[in-house]
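# turn this into a structure:
(one chain, ligands or ions: 2)
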Amino acid sequence: MTAAAVGLSHSPLIGKNDPAPDVLARVDEAVEGAREFIRAYDPELVVLYAPDHYNGFFYKEMPPFCLATEAHAVGDFGTSAGPLSVDTAAARTLAQGTLDRGIDLTVSARMTVDHGFAQPLEVLFGGIDRVPVVPVFVNGVATPLCPVARIRALGTALGEAAAELGRRTLFLASGGLSHDPPVPVLDGAPPRVAEALVEGHPPTPEQRAKGEQRVIRAGQEYAAGTSAMIPINPAWDNRLLDHLEKGELTEFDSWTVAAMAAEGGGSAHEVRAWIAAFASLAATGPYEMTSRFYEAIPAWIAGFAVATAQGR
Ligand SMILES: O=C(O)CCC(=O)/C=C/C=C(\O)C(=O)O
Ligand SMILES: [Fe+2]
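Ligands and ions are numbered 1, 2, ... in the order given. Presented below is the predicted three-dimensional model:
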């Protein structure tokens, strides 16, 4: 089997609080490059690693990661709502193969996902139902988080299992690099917010609109330099991309949750999706990073990256 990987940052603020046209043009060029890479590779299956932002997973039960045999998007921040085109048979096979390799994988037969999953499918494939996909939630927001080494182990096991399928498989990662958006935190939350984070009551349209407005305001403050949130950290982001490019994935085993949050912000843990995807690709054989784009985009609250890689 041949395999490939694409990493793509997501942001709920794309199209809502855009940076200057020259920045947008550079992002568009990088994204178009990723689309061309995918068209040329012509994947038969996409394994999509992505986080959730309290739309599908709540503290009532919060697994470190979870593979879906069926999934539905909520349609937040203007992304599509409805079913993802999950390849259920492949998902079940990959789940079993991952469990057989000693990873305590949670499996969902009806996963709820948000823009973290929907946006890369829309941006790269034109919709959430265009390509056979196996969605894999990777917790990148809700502490406590498992050691990064376990995410690498998940990616490795799943990559080995995918190799046995014998299909052209694209491992796709969705996540910002360093960034500190206003995602609620359970510790110290007022009772009403804490209850929502634990129980996961679906927000009313008014509540969702209010939350989305809060994120837009935060993006405006980030861009204006008036935000108290942790700034984007290009040096940290490029260190991560360097390790991915050189295949130095074991380096991540010593990265700690505390240091990642301090250097990259509360949502820097979304890079776990990238680490999982590149570990999956590495499990199929040596690889080469064929393109790499990075730009700090405060208006999107994102250390924004696009990268493509292919097995040699
Ligand atoms: O506060 C809310 O109601 C929603 C917050 C939210 O979903 C923010 C998401 C931000 C990202 O996905 C990101 O920057 O990666
Ligand atoms: Fe996110």
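# every contact and neighbour count from this point should use C-alpha atoms.
OK.
# for burial, what's the neighbour tally of the residue in the chain that ligand 1 sits nearest to?
Residue of the chain nearest ligand 1, by C-alpha to the nearest ligand atom: Gly211 (3.6 Å). Gly211 has 16 neighbours, counted by other C-alpha atoms under 10 Å.
# Glu164 too?
By the measure other C-alpha under 10 Å, the count of residues near Glu164 is 13.
# tell me the spacing between the residue sitting furthest away from the middle of the chain and Gly211.
Using C-alpha atoms, centre = their mean, the residue of the chain lying farthest from its centre is Pro191. It sits 28.7 Å away. Applying C-alpha to C-alpha, to the nearest Å, the value for Pro191 to Gly211 is 17 Å.
# close to ligand 1: what parts of the stretch 1-150 of the chain are there?
Residues of the stretch 1-150 of the chain lying near ligand 1 by C-alpha under 6 Å from any ligand atom: 10-12, 53.
# what residues are up against the spatially closest residue to Gly264 that is not a sequence neighbour?
Using C-alpha to C-alpha, 6 or more residues apart in numbering and skipping the chain neighbours, the partner closest in space to Gly264 is Ser178 (4.1 Å). Taking C-alpha atoms under 8 Å, 6 or more residues apart in numbering as the contact definition, Ser178 lies against 231-234, 236-237, 263-265, 267-268, 302-303.
# rewinding a little: got a list of what the residue of the chain closest to ligand 1 touches?
Contacts of Gly211 by C-alpha under 8 Å, 6+ apart: none found.
# before we move on, what SS does it have?
Following DSSP: H, G, I helix; E, B strand; the rest coil, we place Gly211 in the helix state.
# now Thr290
strand.
# try Val107
Applying three-state DSSP: Val107 is strand.
# near ligand 1, which residues of the stretch 151-300 of the chain are found?
For the stretch 151-300 of the chain, the contact set with ligand 1 under C-alpha under 6 Å from any ligand atom comprises 176, 181-183, 211-212.
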